[in-house]
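Chemist: pasting a predicted model and its sequence here:
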Amino acid sequence: MIATAEQRDSVGPYRLVKAIGAGGSARIDLARIDRAYGFQRHVVVKRPLEHLRDDTRAAASLRREARIGGLLRHPHLVAVLDAGTHDGYDFLVLEYVHGASLRALMQAEAPGRVRPVPLDVALALVTDVARGLHHAHELLDEQGTPLGLVHRDVSPGNILVGYDGSVKLADFGIAKETRVATLSGSMHGTVTYMAPEQCRGHAFDRRADVFSLGVILYELVTGTRLFWADNDVASLHRVLSGTVPRPRKLVPQIPPALENVILTAVAHEPERRFPSTRAVADAIERIAGDLGVVLGARWIARWVESVLGPRDVPWIGAATTPDASTVTRGDGSLVELISTIASEGDDIDPAFGPTDPHEQTEPDHAEAAARAVRSRGRRTYRRPTVIATALVATLALGAATFIVLADKAPSLSSATPISPPAAAGQTGQPDTGQTGQPDTGQTGQTETGQTGQTGQPDTGQPDTGQPDTGQRRTTKRASTKTGRKRPTKEAAPEPPPPPPSSVPAATGSGATATKPNGPKPKWDPTLLLPSDSGSGTRKR
Amino acid sequence: MLTRLGRYHVDSLLARGGMGEVYLGRVEGAFGFVRPVVIKTIRTELLADERAALMFVDEARIAAGLHHRNIVQILDFDRFEGGAFLVTEYIEGADLRTFLHHLRAPPRYDLAVTIVSELATGLDAAHNARSSDGVPLNLVHRDVSPSNVLLGIAGEVKLADFGIAKARSRSYHTVSGSIKGKAAYMAPEQILGEPLDRRADVFGLGVLLFEVTTRTRLYSARSDAKAMKLILGGELPDPAERRPDYPRELAAIVRRALARERDARYPTARALADDLDQLAHAQRWPLSCHAVGELVQQARTRMLHGTPPPALAGGGSDRGFGASAHDRSPLSQERPQ
């Protein structure tokens, strides 16, 4: 039998270390190069999902990302390091960033809320993304002609924030070259961050990204999701309504100048917005200067650590033998997936369960199908856990088990004139370490060896915003075995630890013997996968 | 000249050093992917016996595990018939030495402090690095000097050549001149050949801080021997003599980083960075990497257009980076009071 993509243990020179998951239309693996004298370098390998191998759109997306990836060199853009084809599989190699997605970091337990973010951190984050975006917007091709690139999906799920304070925008897979086509045939992107003209399918330019960035800034400084609603249609309606509650109404301490920046960025008509994201960054830096707020990556780094807790890169303390046959798949953006690597060092399985439906809005069936995912067992030393595929982002982030250490909270609050009000239900979090944060699907990651079962409807966790009050990790790896228990998760019964024996042969060719095999995952019915897309079963 | 090393295309020679050559190259992938890289070759002699090779690779290997935005990323390592080569990311910009050389006035304090604070952050991450078994590696860079600091036009501030310094010191006797010019950045205990810990790098950061903020060399030494002597016994210069408006708090930080007794220094690079951050807060300095990038762009433009750097034009003063201050560029002078 010829191995399928999931079963191969290397792609080109890149040895697959650990499957991290899948998002959109691609699967993501932590991988490494092995050289003489024991030299190793870890990277991330991105490939189309198995069932999309012959999908021309998925292929075109990856190839476009490869082509422009070499040109998109900027500290605030996730670097593309290589691109290739291996046995007919296209692949992309990305830099590994140790951290989490902004979506994971913003996660609050209450629906429609985001975690209060210190003002200096919020401003620095948005400024960084704005600088990276501007670089992309200004990109020229090899002949020096402007590409007119628009990212189209600037959302917290696509922003990776590292423990080192780096802020990187990812996933130019659906970036559009406006000089090539000005109309989008179908809606891409994340609806709650999408510009109205984009939602309507009208022509758009970089100012659509300005809008998305403005929404993120709005949410970070107000602690409130701007276009959040119970469902996509309602969110869409809110975007198109052109109504934006004034930030100062929500948080009176917001300086008027900052409010102006936000409202300008999210203006309904593109011509009333900032003409570029650089203008946004400049405006924010000016305000920060006036307020005496110091914007530095080290503040971001401290904030990340205070939210996520200290954490090693995944290969420290991990088994050195790669176990490439293990696959965990799930939903989520690329960044979400990359970022979940961060959690792996904790020996907690990340979940990429269906994320916030409001954030997964591509109506494209192929991509929706891609999100319905199938998971297989992971490393053998792990206890299998059962997935709690949450319907809501608050539960499905997967990237991390949050832990707020009060004494590690950013010590710069004195320099932070604005303290967004804590959402209901969030108060007191930091003191207890019970952050009320999603015990993210991380602990609820599917550990099944099921194949082709991806159409299973999710009956778990339909309750949006339900805080998982499950036990928190209070230390790192040492306690993760117990930390993975989620006693209060009613829809996600703790799985029986012993690995079930019913590993389907088709997926188990690599590591059948010890692969844990928990209960089948349950999936959101709206994310049904075509029956043949349990791609791991496909024999080639 | 080489045109190919492994899968990498070699485009041009950037530098030739004691260890080998440094090339600008590129990696080409499928679908039109092209990305520039820097390739450093290591001479066969240095890899002649397995032990020497392992010594060199040992720390390069460790450095490859340092995923940090303030550390130049090592992307690959491989062998070729003439030795071995390391592939690192390419940063469009200049090294700190060249940068200072092409500035016409000392950089604004906030920019200078940003650079050193960023470097300290990267160094601290390296100092805390652990092996894959979780054992602290006690990594020491040993060569925190301006030529090992890369500044990018997009605001990158990165420390380069982890692991190289140690290998270089081991091959000191075989590769002559490899230590030249580096002595001025050595901690006293390093000169004395004592066992080193991270505080040796803190000293190096102190020298950098002094030099970046004043754009003058710490000690005006014409020889390495003299530089060593000054480090071991000379009086620590007062930065305010080089730049009259030098903030007192900043001078205190410099003094502590440069304490001759390592116990009197900052115990960690992070402690130094924390003090710099606090000072930035107190002074309302923005700590903007983006602004650093703009200044790098200015220096780079001047460099590429062949404008003679002031230091060279002035006949090469001992103070190295050029001491005249005629430039009125907004980023390289103090903000209006």
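Modeler: Received, thanks.
Chemist: who in the stretch 51-200 of chain A is up against chain B?
Modeler: Applying C-beta under 8 Å from any C-beta of the partner chain, we find that the stretch 51-200 of chain A lies next to chain B at A:62-63, A:66-67, A:69-70, A:73-76, A:79-85, A:90, A:93, A:95-98, A:127, A:131, A:135, A:162, A:164-166. Where C-beta positions appear, they are placed from N, C-alpha and C, glycine not excepted.
Chemist: any residues touching stretch B:134-141, and which ones?
Modeler: A:312, A:316-317, B:59, B:62, B:123, B:126-131, B:148, B:159, B:161-162, B:165-166, B:196-198, B:200-201, B:204 (C-beta atoms under 8 Å, 6 or more residues apart in numbering or on different chains).
Chemist: go again with 6 Å.
Modeler: Residues outside stretch B:134-141 that contact it (C-beta atoms under 6 Å, 6 or more residues apart in numbering or on different chains): A:316-317, B:62, B:126, B:129-131, B:162, B:196, B:198, B:200-201.
Chemist: can I assume residue B:76 sits in a strand?
Modeler: Yes. Counting by DSSP: H, G, I helix; E, B strand; the rest coil, one finds residue B:76 located in a strand.
Chemist: show me what contacts it?
Modeler: Contacts of residue B:76 by C-beta under 6 Å, 6+ apart are residue B:87.
Chemist: quickly list what it is bridged to.
Modeler: Per DSSP bridges, residues listed as beta-bridge partners of residue B:76: residue B:87.
Chemist: look up how far residue B:195 lies from it.
Modeler: 32 Å (C-beta to C-beta, to the nearest Å).
Chemist: and what of residue A:254?
Modeler: Applying C-beta to C-beta to residue A:254 and residue B:195 gives a distance of 53 Å.
Chemist: of those two, who's got more company?
Modeler: residue A:254 (20 against 8; other C-beta atoms under 10 Å in any protein chain shown).
Chemist: and that one, that one's in a helix?
Modeler: No. Looking at residue A:254 with three-state DSSP, it is coil, so not inside a helix.
Chemist: get me the contact residues on chain B for chain A.
Modeler: B:29-35, B:57, B:61, B:64, B:67-69, B:77-79, B:121, B:130, B:132, B:134, B:154, B:156, B:280-281, B:284, B:286-287, B:290 (C-beta under 6 Å from any C-beta of the partner chain).
Chemist: tell me where the stretch 1-150 of chain B has strands.
Modeler: Remark: strands assigned in the stretch 1-150 of chain B by DSSP state E, counting those that start in this stretch are B:4-5, B:8-16, B:21-28, B:34-43, B:74-80, B:83-89, B:93-95, B:149-152.
Chemist: oops, could you answer that again for the stretch 151-300 of chain B instead?
Modeler: So, for the stretch 151-300 of chain B - with DSSP E, counting those that start in this stretch - the strands run B:157-159.
Chemist: in it, what residue is nearest chain A?
Modeler: residue B:287 (3.9 Å; C-beta to the nearest C-beta).
Chemist: in chain A, which helix or strand is least confident?
Modeler: Scoring the helices and strands of chain A by mean pLDDT, DSSP states H and E places helix A:393-396 at the bottom, with a mean of 28.
Chemist: out of the contacts of stretch B:134-141, which is most surrounded?
Modeler: residue B:201 (29 neighbours).
Chemist: quick one: contacts for that one?
Modeler: B:123, B:140-141, B:144.
Chemist: quick check, nearest of those to chain A?
Modeler: Taking C-beta to the nearest C-beta as the measure, chain A sits nearest to residue B:123 out of the contacts of residue B:201, at 12.1 Å.
Chemist: can you report how many residues lie near residue A:292?
Modeler: Around residue A:292 there are 14 residues (other C-beta under 10 Å).
Chemist: again, but for residue A:200
Modeler: Residue A:200 has 14 nearby residues by other C-beta under 10 Å.
Chemist: how near is it to residue A:237?
Modeler: Following C-beta to C-beta, the distance that separates residue A:200 from residue A:237 is 12 Å.
Chemist: next one: residue B:197
Modeler: Relative to residue A:237, and taking C-beta to C-beta, residue B:197 is found at 62 Å.
Chemist: before we move on, what about residue B:15?
Modeler: 60 Å.
Chemist: residue B:123 now?
Modeler: 52 Å.
Chemist: compare the two (neighbour count), which wins?
Modeler: residue B:123 (29 against 13).
Chemist: so who does the residue lying closest to that one once chain neighbours are set aside touch?
Modeler: Excluding the flanking residues, the one nearest residue B:123 by C-beta to C-beta, 6 or more residues apart in numbering or on different chains is residue B:269, at 4.2 Å. Taking C-beta under 6 Å, 6+ apart, we find residue B:269 in contact with B:120, B:123-124, B:202.
Chemist: swap in residue B:156?
Modeler: Here residue B:156 is in contact with A:75, B:91 (C-beta under 6 Å, 6+ apart).
Chemist: so residue A:168 sits in a strand?
Modeler: Yes. Counting by three-state DSSP, residue A:168 falls inside a strand.
Chemist: I'd say it and residue A:80 touch.
Modeler: No. If you go by C-beta atoms under 6 Å, residue A:168 and residue A:80 don't touch, sitting 11.6 Å apart.
Chemist: can you pull the contacts of the residue lying closest to residue A:169 once chain neighbours are set aside?
Modeler: Among residues not flanking residue A:169 along the chain, residue A:132 sits closest, at 4.9 Å (C-beta to C-beta, 6+ apart). Counting by C-beta under 6 Å, 6+ apart, residue A:132 makes contact with A:74, A:76-77, A:169.
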